[in-house]
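Visitor: fold the stuff below for me.
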Amino acid sequence: MPCHPACQTCTGGTANDCTKNIECAAGKYLYINGGGKSSNVYGLPARFAECRDCDGCCKTCKGPGYYNCIEKADTSGLSCADGTAPDLWGSCKSCKACHKCCETCNSPNKGDCIKAKVITCAAGEYKNDDCTCVKCDPCCKTCTGAGPYKCTAGDEIKTGDCAKYWPTTPATPAKAPLVCHHFCKEGKCTGPGVNECTECEHPDADPKNSCDCKPQFYIDYGTSSFSSAYTSSVLMMLIGLLAMVTMA
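Guide: Numbers count the residues shown, from 1 in each chain. Here you go, the predicted model:
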């Protein structure tokens, strides 16, 4: 079985079986098409290998495009002016303006600045990722980015159509009035329990003792109408009995 076209010597028929690859001249890279058994749509052999030119930005390379450079080409002959650099996507055949974020650069890519450009935006504007000044959201006086939630603290506009972005904090519901134990003087307590009175209903009661009597005092229940009537009926009964004994 013959070696793959990419091989000078091999142990098998695929490009992975090369013991020594075809060597390309400086400024070229080896292109390998593994392919199947039939010719492809471009009319090329299904299995072939060839040396192709590196991108114009590369002196040596491992594949196509500037991003496959092993060693960059000398582009000083382009004499690019300040604010321009070799055009990477154009094989470094001409100069192209630096990215908007760069004052000077090694390439037109954003991340390849030599010196970053100082961008000063007007009040009510912010600098975006493309280093362009853009107006703040209508709900912001000043801002640090896009949208109403990027307003500078204290510069939010909270009226009109913007009010929906800044809902007011709901009021704290009023607490229910505290109901004291009936042994406590009205409103003189820290909670509903009898041991939470700060002042008792009876002036001689002690709030530190669950509104029980102070020493040397007792609870006077008073005289009820029931006890008076009962005492009268007992007295009348005794008088009646005494009369009956006298008559006998």
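
Visitor: per-residue pLDDT, residue 106?
Guide: We have a pLDDT of 90 for residue 106.

Visitor: return the distance of it relative to residue 76.
Guide: From residue 106 across to residue 76, the span is 12 Å (C-beta to C-beta, to the nearest Å). The C-beta positions use only the backbone N, C-alpha and C, and glycine is treated the same way.

Visitor: same thing with residue 186?
Guide: As judged by C-beta to C-beta, residue 186 and residue 76 stand 97 Å apart.

Visitor: more neighbours: which of residue 106 and residue 76?
Guide: Neighbour comparison, residue 106 and residue 76: the larger count goes to residue 106, with 16 against 8 (by other C-beta atoms under 10 Å).

Visitor: let me see the domain layout of this protein.
Guide: Domain assignment for the chain by automatic domain parsing gives 7-53, 121-166, 178-217.

Visitor: which parts of the last one are buried?
Guide: By 16 or more other C-beta atoms under 10 Å, the buried positions in domain 178-217 come out as 180-181, 183-185, 189, 194, 196-197, 200, 205, 207, 211.

Visitor: could those go into JSON lines alongside distance to residue 55 and secondary structure?
Guide: Below are the buried residues of domain 178-217 laid out as JSON lines (distance: C-beta to C-beta, whole Å; DSSP: H, G, I helix; E, B strand; the rest coil):
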{"residue": "180", "distance to residue 55": "90", "secondary structure": "coil"}
{"residue": "181", "distance to residue 55": "92", "secondary structure": "coil"}
{"residue": "183", "distance to residue 55": "97", "secondary structure": "coil"}
{"residue": "184", "distance to residue 55": "93", "secondary structure": "strand"}
{"residue": "185", "distance to residue 55": "96", "secondary structure": "coil"}
{"residue": "189", "distance to residue 55": "89", "secondary structure": "strand"}
{"residue": "194", "distance to residue 55": "94", "secondary structure": "helix"}
{"residue": "196", "distance to residue 55": "87", "secondary structure": "helix"}
{"residue": "197", "distance to residue 55": "93", "secondary structure": "strand"}
{"residue": "200", "distance to residue 55": "98", "secondary structure": "strand"}
{"residue": "205", "distance to residue 55": "101", "secondary structure": "strand"}
{"residue": "207", "distance to residue 55": "95", "secondary structure": "helix"}
{"residue": "211", "distance to residue 55": "98", "secondary structure": "coil"}
